[in-house]
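> For reference, the sequence and a predicted model appear below.
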Amino acid sequence: FLTTTANRNSSVINHEGGIRVSSVNAQLAPGGNAVAITTAFEAQEASLNLPDGVSLTYGGDSEQVQKTFTEMGLALITGIVLMFAIIVLEFDALVQSLRLLAVVPLSLAGVLWMLFFMGQPLSFTAFLGIIALAGVLINHGILLIDGINVRKRRDEYGDPETLILDAATSRLRPIILTTIATSAGMVPLTLVNATWAPLAFTIMGGLIYGTLLTLIFVPLRSLKAEQKIQNKNK
């Protein structure tokens, strides 16, 4: 996958941080992947038998991609922390907030499976999709938990099973419709440009899987919590 050419250059010795350096530049062929090519070079580095004092460092697109992934990871963590703070203020309940937040990392399984089946890379745009996905899933969870809390305040239930069933049933339609509408809106992105396809598939896969988790995991954990409260009050 490598084609080399030799050109004349000025006889200049370059230094960086007091260390003598020599640069080798390359341009990607159409359809090339900087990260994959850099990884292939790194795998062959041990066979070069470099002399003492000589080392290789990689820059360019690969370095920029690594930096971007780090920044996006920090942005995702910051967003989750902010969402958690808002949820705690909204419900004034730490356990309920953690229950909602747990859906976000669990939904990443749906993201990875979707990207795998569609042959898409975990790219910069895919990370953007994960950040957007977290907000939508948290919104679904808020709808569900709010329905439970409203019925508890009104005493519109006789037992925990009825409470959770009624709340989940009443919120089922808006959650499902939101998931369908958002997923349908992502379909054109998968056809327009390969750059934005990972974002679309990330949101679609994570949203479908995350919605199932919201409708199953959150009600079951809520049911267990309500049963514990009922047993303590007896």
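On my side now, so go ahead. These numbers come from a predicted model, not from an experiment.
> tally of neighbours for the nearest residue to residue 95 once chain neighbours are set aside?
Of all residues not flanking residue 95 in the chain, residue 225 sits nearest, at 6.7 Å (CB to CB, 6 or more residues apart in numbering). For the C-beta atoms, the positions are set from N, CA and C on the backbone; glycine is no exception. The number of residues packed near residue 225 is 17, by other CB atoms under 10 Å.
> distance of residue 225 from residue 115?
34 Å (CB to CB, to the nearest Å).
> Determine the longest helix present in this structure.
Using DSSP state H, we find that the single longest helix of the chain is helix 197-233.
> What average pLDDT does stretch 89-96 get?
Here stretch 89-96 scores 78 as its mean pLDDT.
> which residues touch residue 126?
111, 115, 120, 198, 199, 201, 202 (CB atoms under 8 Å, 6 or more residues apart in numbering).
> would TSV of those with neighbour count and pLDDT be doable?
Putting these into TSV (neighbours: other CB atoms under 10 Å; pLDDT from 0 to 100) gives the following:
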residue	neighbour count	pLDDT
111	24	91
115	21	90
120	20	85
198	25	88
199	23	90
201	24	92
202	30	92
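> so which of these comes closest to residue 184?
Among the contacts of residue 126, residue 201 lies closest to residue 184 (CB to CB), at 13.6 Å.
> just to revisit the earlier point, who are the packing partners of the longest helix of the chain?
Where contact means 3 or more CB pairs under 8 Å, 6 or more residues apart in numbering; DSSP states H and E, helix 197-233 is packed against helix 94-101, helix 103-118, helix 124-154, helix 160-192.
> For the most centrally placed residue in the chain, give its distance to residue 225.
In the chain, the residue lying closest to the centroid (CA atoms, centre = their mean) is residue 130, at 3.1 Å. As judged by CB to CB, residue 130 and residue 225 stand 28 Å apart.
> mind listing what residue 206 touches?
Residue 206 neighbours (CB under 8 Å, 6+ apart): 107, 108, 110, 111, 114, 129, 130, 133, 137.
> wait, I meant residue 139
residue 178.
> And residue 179, what's its pLDDT?
90.
> Excluding chain neighbours, what is closest to it?
Counting by CB to CB, 6+ apart, the residue nearest residue 179 is residue 211, at 4.6 Å.
> And residue 125, by the same measure?
Per CB to CB, 6+ apart, closest to residue 125 is residue 199, 4.0 Å.
> isn't the one you found right up against residue 130?
No. Using CB atoms under 8 Å, residue 199 is not in contact with residue 130, being 9.2 Å away.
> wait, isn't residue 172 in contact with residue 214?
No. With contacts counted by CB under 8 Å, residue 172 stays clear of residue 214, the gap being 10.3 Å.
> which one of those two has more residues nearby?
The neighbour comparison of residue 172 against residue 214 (other CB under 10 Å) goes to residue 214, with 28 against 14.
> Not counting residues beside it along the chain, what's closest to that one?
In space, residue 214 is closest to residue 140, 4.6 Å off (CB to CB, 6+ apart).
> Quick one: neighbours of the one you found, just the number.
24.
> List the contacts of it.
Contacts of residue 140 (CB under 8 Å, 6+ apart): 103, 175, 178, 179, 210, 211, 214.
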